[in-house]
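[1] Okay, predicted coordinates and the sequence, questions at the end:
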Amino acid sequence: MTKLLEIRDNIKLFFTKYDVFAIPVVKFLLAFIMMLMINGKLGYMSKLNNIGIVLIVALAASFLPTGAILLFGAVVSMAHVFALSPEIAIIIAVIYMLVYLIYLRFTPSESLCIVITPMLFVLKIPYVIPVVMGLIGGPASALSVVCGVIVYFSLNTVTTNAANVSGNISDLMGEIRLIIDSLLGNKQMLVLILAFAITTIVVYVIRRLPIEHCWTIAMLSGAALCLIIVLVGGVVKSAGFNIFGVFIGCILAVGAGKVLEFFKFCVDYTRTERVQFEDDEYYYYVKAVPKMSVAAPERRVKNINRSHKTHTSASREPLAGEFTEEFDTDYLTAPIPGEEKKK
């Protein structure tokens, strides 16, 4: 455990020390993966299916605010849908506008949630997002999750019905009605909107409770609740969920929650302290739970001054022409031969 804490602290220190470089790299990778997924799932405009354009967009997003990733994703996906059918692109634009108004009004700092949610759907692990957002967000985070679900199913409806889109003006109203009916009648989307919204709020409420292991209880309860709602809703609405996929997704949600807890809320409940004090107006009962951390290693610097080092005769042999510590002092006072005769 100590080694893991050291690794965690080193990672935090690295991102704190080199955030000027680390954050743009993370945003670049996120935007790059998002662009590849959009081009892979839509891909109706061939000019955008170019790795050079993908790199340019990702590079631009890395130096702009986080909301730029959401903006670039919306513009690129709209361009693909417009290449398929301008009329359907208008429908997608209206949906994006509604999502933008909700996002701007309630959760302006959670644009990444709207970006990551469709990406997790493509990876078949969307059940991670409500648990994670319940742990790090607030009750309004449920709106961000719901917006991400709507964005994914809107684009998925377009790709599913792309073969039925002819582009003829005579079939225009029929194609628009087909897209709208397919989206509003998507039973999986309705069940997941309900499940993800409730899961996000429940996880948030439980992890805010003043109880021990609240984060673990919150993520386990949220994953179990999400599993139950999806399975029951799938049976009632005949939504056709993959039970095994839902189960694995909920397990991965708990795993992602534990990783997040290790980095954000790793505490030692065995050293919990309860403090009571008062002032003129109130009594205070405080429960203090220390964070788990590793003390920084103490560095000792030893200065060695060679000019003050002493060497005894026992440690080394005397050099040529060098006096030893013991010598005959009478030799210094003895008269020089021939000097006595001169006197």
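    Arrived safely. Residues are numbered from 1 along each chain as shown.

[2] rest of the way, CA atoms for contacts and neighbours
    Fine.

[3] So what touches stretch 261-271?
    Under the contact criterion CA atoms under 8 Å, 6 or more residues apart in numbering, stretch 261-271 has outside partners 8, 212, 215, 289, 290, 291, 292.

[4] Next, format these as JSON lines and append pLDDT and secondary structure.
    Converted to JSON lines, those look like this (pLDDT from 0 to 100; DSSP: H, G, I helix; E, B strand; the rest coil):
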{"residue": "8", "pLDDT": "82", "secondary structure": "helix"}
{"residue": "212", "pLDDT": "88", "secondary structure": "coil"}
{"residue": "215", "pLDDT": "93", "secondary structure": "helix"}
{"residue": "289", "pLDDT": "84", "secondary structure": "coil"}
{"residue": "290", "pLDDT": "84", "secondary structure": "coil"}
{"residue": "291", "pLDDT": "83", "secondary structure": "strand"}
{"residue": "292", "pLDDT": "80", "secondary structure": "coil"}
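
[5] Highest neighbour count among those?
    Within these, most neighbours by other CA atoms under 10 Å means residue 215, with 24 neighbours.

[6] For that one, give me its contacts.
    Contacts of residue 215 (CA under 8 Å, 6+ apart): 135, 206, 207, 261, 265.

[7] Skip the chain neighbours and tell me the closest residue to the residue nearest the centre of the chain.
    Nearest residue to the geometric centre of the chain (CA atoms, centre = their mean): residue 260, 8.3 Å. If the residues on either side of it in the chain are set aside, residue 260 comes closest to residue 132, at 7.8 Å by CA to CA, 6 or more residues apart in numbering.

[8] and the one you found, how far is that from residue 255?
    Distance from residue 132 to residue 255, counting by CA to CA, to the nearest Å: 10 Å.

[9] Which of the two has more residues huddled nearby?
    Between residue 132 and residue 255, residue 132 has the larger neighbour count (other CA under 10 Å), namely 23 against 15.

[10] Quick one: name whatever helix or strand follows the helix or strand where residue 135 lies.
    Assigned by DSSP states H and E, residue 135 falls within helix 128-136. Counting by DSSP H and E, the next helix or strand C-terminal to helix 128-136 is helix 141-160.

[11] helix/strand/coil for residue 274?
    Using DSSP: H, G, I helix; E, B strand; the rest coil, the secondary structure recorded for residue 274 is strand.

[12] Next up, the contacts around the nearest residue to it once chain neighbours are set aside.
    Leaving out its chain neighbours, the residue that sits closest to residue 274 by CA to CA, 6+ apart is residue 287, at 4.5 Å. Going by CA under 8 Å, 6+ apart, residue 287 touches 272, 273, 274, 275.

[13] and the host helix or strand of residue 287, average pLDDT?
    Using DSSP H and E, the element containing residue 287 is strand 283-288. Averaged over strand 283-288, pLDDT sits at 87.

[14] next one: stretch 135-152
    Per-residue scores along stretch 135-152 average to 93.

[15] what's the answer for stretch 38-55, then?
    On average, stretch 38-55 scores 91.

[16] Please identify the buried residues of the helix or strand that contains residue 71?
    Element membership for residue 71, per DSSP H and E: helix 67-84. Using 16 or more other CA atoms under 10 Å as the test for burial, helix 67-84 gives 68-70, 72-74, 76-82, 84.

[17] hang on, residue 25 packs against residue 62?
    Yes. Using CA atoms under 8 Å, residue 25 is in contact with residue 62, at 6.7 Å.

[18] Tell me which of these two has more neighbours.
    The neighbour comparison of residue 25 against residue 62 (other CA under 10 Å) goes to residue 62, with 23 against 16.

[19] Now do the same contact list for the more buried one.
    Contacts of residue 62 by CA under 8 Å, 6+ apart are 23, 24, 25, 26, 27, 28, 31.

[20] Go again with 7 Å.
    24, 25, 27, 28 (CA atoms under 7 Å, 6 or more residues apart in numbering).

[21] ok, the third one to residue 246 distance?
    Looking back up the chat, that one is residue 27. According to CA to CA, residue 27 and residue 246 sit 29 Å apart.

[22] Looking only at neighbour counts, state which of the two leads.
    Neighbour count, other CA under 10 Å: between residue 27 and residue 246, residue 27 has more, with 23 against 20.

[23] Give me the pLDDT for the more buried one.
    Reading off the model, residue 27 has pLDDT 94.

[24] Could you list every helix and strand in contact with the helix or strand harbouring it?
    Element membership for residue 27, per DSSP H and E: helix 19-41. Judged by 3 or more CA pairs under 7 Å, 6 or more residues apart in numbering; DSSP states H and E, the packing partners of helix 19-41 are helix 51-63, helix 67-84.

[25] re earlier: want to try JSON lines for the contacts of stretch 261-271, with distance to residue 104 as columns?
    Formatted as JSON lines, the contacts of stretch 261-271 follow (distance: CA to CA, whole Å):
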{"residue": "8", "distance to residue 104": "33"}
{"residue": "212", "distance to residue 104": "35"}
{"residue": "215", "distance to residue 104": "28"}
{"residue": "289", "distance to residue 104": "36"}
{"residue": "290", "distance to residue 104": "37"}
{"residue": "291", "distance to residue 104": "35"}
{"residue": "292", "distance to residue 104": "37"}
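
[26] which one of the residues you listed is nearest residue 91?
    residue 215 (40.2 Å; CA to CA).

[27] re earlier: got CSV for the buried residues of helix 67-84, with pLDDT and distance to residue 223 too?
    Shown next, in CSV, are the buried residues of helix 67-84 (pLDDT from 0 to 100; distance: CA to CA, whole Å):
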residue, pLDDT, distance to residue 223
68, 92, 31
69, 94, 28
70, 93, 27
72, 95, 32
73, 94, 29
74, 93, 30
76, 94, 33
77, 94, 31
78, 93, 33
79, 93, 36
80, 93, 35
81, 91, 34
82, 91, 38
84, 87, 38
